[in-house]
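1. After the sequence you'll find the predicted model.
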Amino acid sequence: MAHAKTSYVCLPCRASYKQPYHGDHDRLCPRCAEPLIHVGSAFAPPRRRDTAAWRTLSVLLNAGVRFHKSCCGGPGYRPRTLGEVRERMAYARRTGEPFARALVRQELP
């Protein structure tokens, strides 16, 4: 049986690639030769022209948030706009909650 494919992203090129996962080793972007970021199998890339969505994705990935499937229906909540990210950053600063956890929280209290 073939290995399932997972997504890798190049932020400078705003490109996503589905490739088989053969363990944790470096993969390079075929366009710019920069390292690709393993984002998970439940990732749906934004359109290349949507710079705001790619900025939001960059914040999520740099905070350590990934898009792996959970047992029941996908990776869970992920912010889609910079406004949502700013709101969650303010919440994290106010409460002391780790930034990555505040980003994926379903609802803010």
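-> Yep, it's here.
2. What's opposite residue 20 in the beta bridge?
-> residue 5 (DSSP bridges).
3. Quick check, it in contact with residue 7.
-> No. Using Cβ atoms under 8 Å as the test, residue 20 is too far from residue 7 to be in contact (11.4 Å). C-beta: built from backbone N, CA, C; applies to glycine.
4. More neighbours: which of those two?
-> Neighbours around residue 20 and residue 7, counted as other Cβ atoms under 10 Å, are more numerous at residue 7. The numbers are 21 against 9.
5. and the spatially closest residue to residue 92 that is not a sequence neighbour, what element?
-> Once flanking residues are discounted, residue 92 sits nearest to residue 102: 3.8 Å by Cβ to Cβ, 6 or more residues apart in numbering. Secondary structure here is read from DSSP states H and E; on that basis residue 102 sits in helix 99-104.
6. what does residue 33 give?
-> Element membership for residue 33 (DSSP H and E) is empty, with no helix or strand holding it.
7. residues in contact with stretch 8-22?
-> The set of residues that contact stretch 8-22 without belonging to it, under Cβ atoms under 8 Å, 6 or more residues apart in numbering, is 2-7, 27, 29-32, 34, 36-39, 43, 45, 48, 51, 54, 57-58, 61.
8. Type out the ChimeraX command that picks the buried ones from those residues.
-> For the buried members of the contacts of stretch 8-22, the matching ChimeraX selection, counting by 16 or more other Cβ atoms under 10 Å, is:
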select :6,7,29,36,37,38,39,43,45,54,57,61
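9. Now intersect the contacts of stretch 8-22 with the strands, please.
-> Using DSSP state E, the subset of the contacts of stretch 8-22 located in strands is 5, 6, 7, 37, 38, 39.
10. And those, which is closest to residue 67?
-> Nearest to residue 67 among the ones in strands among the contacts of stretch 8-22 is residue 39, at 5.2 Å by Cβ to Cβ.
11. quick one: contacts for that closest one?
-> Neighbouring residues of residue 39 by Cβ under 8 Å, 6+ apart: 6, 7, 8, 9, 16, 61, 66, 67.
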